[in-house]
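have a look at this prediction, sequence included:
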Amino acid sequence: MTIRFGLIGGGVMGEALLSRLLVHGIYQPSEVIVSEPLLARQGFLQQQYDVTVTADNSSVFALASEVVFLAVKPQVFSAMAQELAGILEAAYSPLVISILAGVSLNQLEGAFPQLPVIRAMPNTPATVGAGITAMCLGAYTNTKHQQIAQQIFSAVGEVVEVSETLMDAVTGLSGSGPAYVALMVEALADGGVAAGLPRGIANQLALQTVLGTARLLEESKIHPAELKDRVTSPGGTTIAGVAQLERAGFRSALIEAVRAAAQRSQELGK
Ligand SMILES: NC(=O)C1=CN([C@@H]2O[C@H](COP(=O)(O)OP(=O)(O)OC[C@H]3O[C@@H](n4cnc5c(N)ncnc54)[C@H](OP(=O)(O)O)[C@@H]3O)[C@@H](O)[C@H]2O)C=CC1
Ligand SMILES: O=C(O)[C@@H]1CCC=N1
């Protein structure tokens, strides 16, 4: 069977995307090639997903007819682009999809001249099909390319299209956001333990509180402030907790976290 999908960088995000694409049957294992420097990792991916593996990035471009998906760290982008410069042949014309934080369409189009390029930012809930991806289209893309990217990212969750000027902000919010939420779940459980709960029960209460609240907000479409008002009984427990969060600068801390991550995304592209 022809190889249609090439993945460069089979790490955390690369594997998350790959596994969902295979589960959804968007690509068959025989249609996929993955490039990875580590032999042990190559062996794992080959055994786990039955895909072709290589350490040679140029062969991914040579073989993948439809999509080359970049999932290496932004810090190795220049070295990778230099290694490929001059090797890529004019005959290669896959759609290049990059999920590298901070790396701009301009940089991608400089590295892959004339190729259709899409810059995207998924997030780790993609692993369980509950991700959200923001994407923006490069100059050489057409409707077919947009549909291919839409299909790929729909396999791992929701998809929104944004202007490239918003991609660093997206990275700071939804790209990095799962870490903030995970910290919050951990800290809530710690609070429960501090208040006397056994660890297992505290973990379960913390996780289900976050899941349930997110689901309630999604299904009811009420504003988060209104939900907060509904939980806070006059003179009750919740307002005591909220007042403490305000004293500790909880909201400000989250706002600044998103801004710092967006700023870091900007720096990674320089
Ligand atoms: N993790 C996340 O939540 C998200 C990450 N991203 C983006 O996804 C990208 C990957 O992140 P993540 O999966 O976390 O990182 P990982 O380090 O887990 O994955 C990167 C993979 O690329 C491999 N690699 C390194 N150099 C090369 C090379 N020259 N050619 C081919 N493969 C190479 C690495 O191998 P080795 O380990 O041997 O170096 C590793 O397996 C980043 O650009 C990040 O910005 C985007 C959205 C969310
Ligand atoms: O931390 C990072 O740089 C990557 C990008 C978004 C999430 N993880």
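Perfect, I can see it now. Residues are numbered from 1 along each chain as shown. Ligands and ions are numbered 1, 2, ... in the order given.

residues in contact with the residue nearest to Ala139 when sequence neighbours are not counted?
Using C-beta to C-beta, 6 or more residues apart in numbering and skipping residues adjacent in sequence, the residue nearest Ala139 is Glu109, 6.5 Å away. Using the backbone N, CA and C atoms, a C-beta is placed for each residue, glycine as well. Going by C-beta atoms under 8 Å, 6 or more residues apart in numbering, Glu109 touches 115, 117, 138-140.

most widely separated two among those residues?
The largest separation in the contacts of Glu109, counting by C-beta to C-beta, is between Leu115 and Ala139 at 10.2 Å.

neighbour count: these two, which is higher?
A direct count of neighbours by other C-beta atoms under 10 Å for Leu115 and Ala139 places Leu115 higher, at 19 against 10.

verify the stated contact: the more buried one with Ser93.
Yes - counting by C-beta atoms under 8 Å, Ser93 is a contact partner of Leu115 at 6.6 Å.

list the buried residues of stretch 192-212.
Residues of stretch 192-212 classed as buried by neighbour count (16 or more other C-beta atoms under 10 Å): 192, 197, 202-203, 206.

of those, which belong to helices?
If you go by DSSP state H, those have 192, 202-203, 206 in helices.

which of those lies closest to Thr54?
Among these, and counting by C-beta to C-beta, the member closest to Thr54 is Asn203, at 41.0 Å.

tell me what the helix or strand Gln151 falls within is packed against?
Take DSSP states H and E as the rule and Gln151 turns out to sit in helix 143-154. Applying 3 or more C-beta pairs under 8 Å, 6 or more residues apart in numbering; DSSP states H and E, we find helix 143-154 packed against strand 67-70, strand 95-98, strand 117-121, strand 131-137, strand 157-161.

enumerate the positions of that helix that are buried.
145-146, 148-149, 152-153.

would it count as contacting ligand 1?
No - residues of helix 143-154 are not located near ligand 1 by C-beta under 6 Å from any ligand atom, the shortest gap being 11.3 Å.
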